[in-house]
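Colleague: Structure for the following, please:
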Amino acid sequence: MDLLPLLVSILQWSCHSSAKILERRDCEETQKTCQFNTPPVLGSGEMFDSISGRYDAINRIMSLGMDQSWRRRMVDALEIKAHERVLDLATGTADVAIIEAQNQPSSTILGVDPSAKMLAIGREKLEAFGLENRVTLKLGDAMDLNGIEEGTFNKVSMAFGIRNIQDRLQALKEMRRVIKSEPTSRLAILEFAEPSGGAMEFFARMFIKHVVPVVGALLSGKWNEYMHLEESIMAFPSSEEFSMMMSEAGFKVISTESMMFSSVILYLATPG
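Modeller: Residues are numbered from 1 along each chain as shown. Predicted coordinates:
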């Protein structure tokens, strides 16, 4: 797929749209005289509750339809074996959990997410796929996996969620606590990154910085929430720094795989 002409045209449109959005947001801020309802914390479960209705559709559009292929690549890297137990954190609407269940028909999956409304959509999707008996969805916090015993899971996954966690090291330590200390155990984390290197770096950077948040904001009507997306990506540690954090939490990083002009990175690790 030749993305260059598409990226150029989208960037031209998004630069104009982003200016309009910022103008509108500034106008809204100046008009606020009293705020009775506290807005959700950016990156929190409440924030994802507010965008849950269109979340899946917006993901497909913003990623040019490639987000599911990235998730499948992550699940393939886990190498889930028969009858293994899998934990999917930041499971959202259960996209990854569904792929994991389809990847290994005898596996059982627990999906954990802080957004009740995202999980409700996920349960509807599980019923549609006939997977409700093999995939369980639970409201929870990756920093405190309360009720899950040590060494419960063979595989742990998280797609596009770790950057929204306030204490990433604590979340990684919880992942290490609940994963089995076995050679075949795997942790796979899929996350956005600031593009670096390569001839397409400029276009990929502009796509992440302008196109993705603008498209999300326009389609959802949630300006702050999708502007947070770009800010959280730019604030996330480099792949080298995050790999060191994974090591500090007790994992041995096997590989880091870059996709989409290094704007998406797959981290694969085993218990150290």
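
Colleague: Show the end-to-end separation of stretch 149-165, please.
Modeller: Stretch 149-165 has its terminal residues 21 Å apart, counting by C-alpha to C-alpha, to the nearest Å.

Colleague: So that it lines up with my notes, have the first residue be 58 from now on.
Modeller: Understood, numbering begins at 58; the last thing we discussed is stretch 206-222.

Colleague: Any buried residues in it, and which?
Modeller: 210-222 (16 or more other C-beta atoms under 10 Å). Backbone N, C-alpha and C define where each C-beta goes, glycine included.

Colleague: From the chain's centroid, how far away is it?
Modeller: Remark: stretch 206-222 is offset 11 Å from the chain centroid, using C-alpha atoms, centre = their mean, to the nearest Å.

Colleague: residue boundaries of the helices in the stretch 58-207 of the chain?
Modeller: Assigned by DSSP state H, counting those that start in this stretch, the helices in the stretch 58-207 of the chain fall at 61-88, 102-108, 112-119, 124-135, 152-160, 173-186.

Colleague: repeat for the stretch 208-329 of the chain
Modeller: Counting by DSSP H, counting those that start in this stretch, the helices of the stretch 208-329 of the chain are 225-235, 258-263, 269-277, 280-292, 296-305.

Colleague: so which of the ones you listed is the most packed in?
Modeller: helix 269-277 (a mean of 21; mean count of other C-beta atoms under 10 Å).

Colleague: Which one of the helices of the stretch 208-329 of the chain lies nearest to residue 113?
Modeller: Of all the helices of the stretch 208-329 of the chain, helix 269-277 sits nearest to residue 113, with 11.5 Å by C-beta to C-beta.

Colleague: related to what we said a few turns ago, can you list the helices of the stretch 208-329 of the chain in TSV and add distance to residue 132 and mean pLDDT?
Modeller: Formatted as TSV, the helices of the stretch 208-329 of the chain follow (distance: least, C-beta to C-beta, whole Å; pLDDT from 0 to 100):
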stretch	distance to residue 132	mean pLDDT
helix 225-235	16	98
helix 258-263	24	74
helix 269-277	23	72
helix 280-292	22	74
helix 296-305	19	97
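
Colleague: worst-scoring helix or strand of the protein, pLDDT-wise?
Modeller: helix 61-88 (a mean of 45; mean pLDDT, DSSP states H and E).

Colleague: Strands - which of the buried residues of stretch 206-222 land there?
Modeller: Judged by DSSP state E, strands contain the following of those: 212, 213, 214, 215, 216.

Colleague: Show me where the stretch 108-257 of the chain dips below the pLDDT cut-off.
Modeller: 108, 110, 254-257 (pLDDT under 70).

Colleague: Nearest to residue 304 among the ones in strands among the buried residues of stretch 206-222?
Modeller: Nearest to residue 304 among those, with distances taken as C-beta to C-beta, is residue 213, at 15.8 Å.

Colleague: Any chance of JSON lines for the ones in strands among the buried residues of stretch 206-222, columns distance to residue 329?
Modeller: Output for these, formatted as JSON lines (distance: C-beta to C-beta, whole Å):
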{"residue": "212", "distance to residue 329": "16"}
{"residue": "213", "distance to residue 329": "14"}
{"residue": "214", "distance to residue 329": "18"}
{"residue": "215", "distance to residue 329": "18"}
{"residue": "216", "distance to residue 329": "22"}
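
Colleague: List just the nearest of those residues to residue 272.
Modeller: Of all those, residue 216 has the smallest distance to residue 272: 19.3 Å, by C-beta to C-beta.

Colleague: For beta bridges, what are the partners of the closest residue to that closest one other than its chain neighbours?
Modeller: Leaving out its chain neighbours, the residue that sits closest to residue 216 by C-beta to C-beta, 6 or more residues apart in numbering is residue 247, at 4.3 Å. Following DSSP bridges, residue 247 is listed with bridge partners residue 216, residue 323.
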